[in-house]
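Chemist: Pasting the sequence and the predicted model now:
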Amino acid sequence: GESVGLHLPTLSVQEGDNSIINCAYSNSASDYFIWYKQESGKGPQFIIDIRSNMDKRQGQRVTVLLNKTVKHLSLQIAATQPGDSAVYFCAEGGPGTALIFGKGTTLSVSS
Amino acid sequence: GAVVSQHPSWVICKSGTSVKIECRSLDFQATTMFWYRQFPKQSLMLMATSNEGSKATYEQGVEKDKFLINHASLTLSTLTVTSAHPEDSSFYICSADRDTEAFFGQGTRLTVV
């Protein structure tokens, strides 16, 4: 589940700003964490993942940070663009198990 | 890359009828597939785990007699919504794992009228 005060259901930013989306996960035994982007009417699109033996991973314009001590996951998007507008979900899982999704954050990017 | 294909992408049906949704792994074999449901403005919730050659495992609160799952081959799982009602209207999404990475179908928008 999500920690009260940590998860924001919506985030509005200006084009070019950096965005940070936060998520709290529930299962300390989870060893695989993923961020997905979902546009209206479509299935989730993989953005970036991280294993529990790492605390940071970078992709193209995106960075995922994992803090296992407080069971916190964050997604940083650099130089946010209007095309980044979507709902972002964090998910946790383990080998061969279904993913557990967080509540989602709607990112709105204005020009 | 790996692709999971779902069909149909949207369907409208009358109350009381049944609807079948297909989930195919196009370039890999999947002994396990997962079915999720997503209501408007909510997150994805796992409905059931589809196992090739054996019975599906359903999450608590999901009626197995209403949501029939058949995983007859290593590349195809089907979800049949039987005797559909308006409250079954939702976005249904399947996924399959390859090398520990989850790949999602495009989703099926079901509207029951």
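Modeler: Arrived safely, thanks for sending. Numbering: from 1, shown residues only, chains lettered A, B, ... in the order given.

Chemist: Who does the spatially most central residue of chain B form a beta bridge with?
Modeler: Nearest to the mean C-alpha position of chain B, by CA atoms, centre = their mean, lies B:W35 at 4.0 Å. Note on B:W35: beta-bridge partners B:A48, B:C94, judged by DSSP bridges.

Chemist: excluding its backbone neighbours, what's nearest the residue lying farthest from the centre of chain A?
Modeler: Most distant residue from the mean C-alpha position of chain A: A:S111, 22.4 Å away (CA atoms, centre = their mean). With CB to CB, 6 or more residues apart in numbering or on different chains as the criterion, A:S111 has its nearest non-adjacent residue at 5.0 Å, and that residue is A:E15. (Glycine included, C-beta is placed from N, CA and C.)

Chemist: Just give me the neighbour total for that neighbour.
Modeler: Number of residues near A:E15 (other CB atoms under 10 Å in any protein chain shown) recorded here: 13.

Chemist: buried stuff in the helix or strand of chain B with the lowest mean pLDDT?
Modeler: When the helices and strands of chain B are scored by mean pLDDT, DSSP states H and E, strand B:101-104 comes last with a mean of 86. Neighbour counts over strand B:101-104 (16 or more other CB atoms under 10 Å in any protein chain shown) mark B:102-104 as buried.

Chemist: okay if I get the residues you listed as JSON lines plus distance to chain A?
Modeler: Formatted as JSON lines, these follow (distance: CB to the nearest CB, whole Å):
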{"residue": "B:A102", "distance to chain A": "6"}
{"residue": "B:F103", "distance to chain A": "8"}
{"residue": "B:F104", "distance to chain A": "4"}
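
Chemist: Name the nearest of these relative to B:A84.
Modeler: Among those, B:F104 lies closest to B:A84 (CB to CB), at 22.8 Å.

Chemist: picking that back up, return the residues in contact with the residue nearest to the centre of chain B.
Modeler: B:23, B:46-50, B:67, B:69, B:77, B:79, B:92-94 (CB atoms under 8 Å, 6 or more residues apart in numbering or on different chains).

Chemist: contacting residues around the residue nearest to A:S111?
Modeler: Counted by CB under 8 Å, 6+ apart, A:E15 has contacts A:80-82, A:109-111.

Chemist: same deal with A:K103?
Modeler: A:2, A:7, A:9, A:89, B:42-43.

Chemist: Let me know how buried the nearest residue to B:V112 once chain neighbours are set aside is, in neighbour terms.
Modeler: Nearest residue to B:V112 in three dimensions, chain neighbours excluded: B:A84, at 4.5 Å (CB to CB, 6+ apart). B:A84: 22 surrounding residues under other CB under 10 Å.

Chemist: Ok, B:S15 next?
Modeler: Neighbours of B:S15 (other CB under 10 Å): 11.

Chemist: I'd say it and B:V112 touch.
Modeler: Yes - B:S15 is within contact range of B:V112, at 5.8 Å (criterion: CB atoms under 8 Å).

Chemist: shared neighbours, these two?
Modeler: B:84-86.
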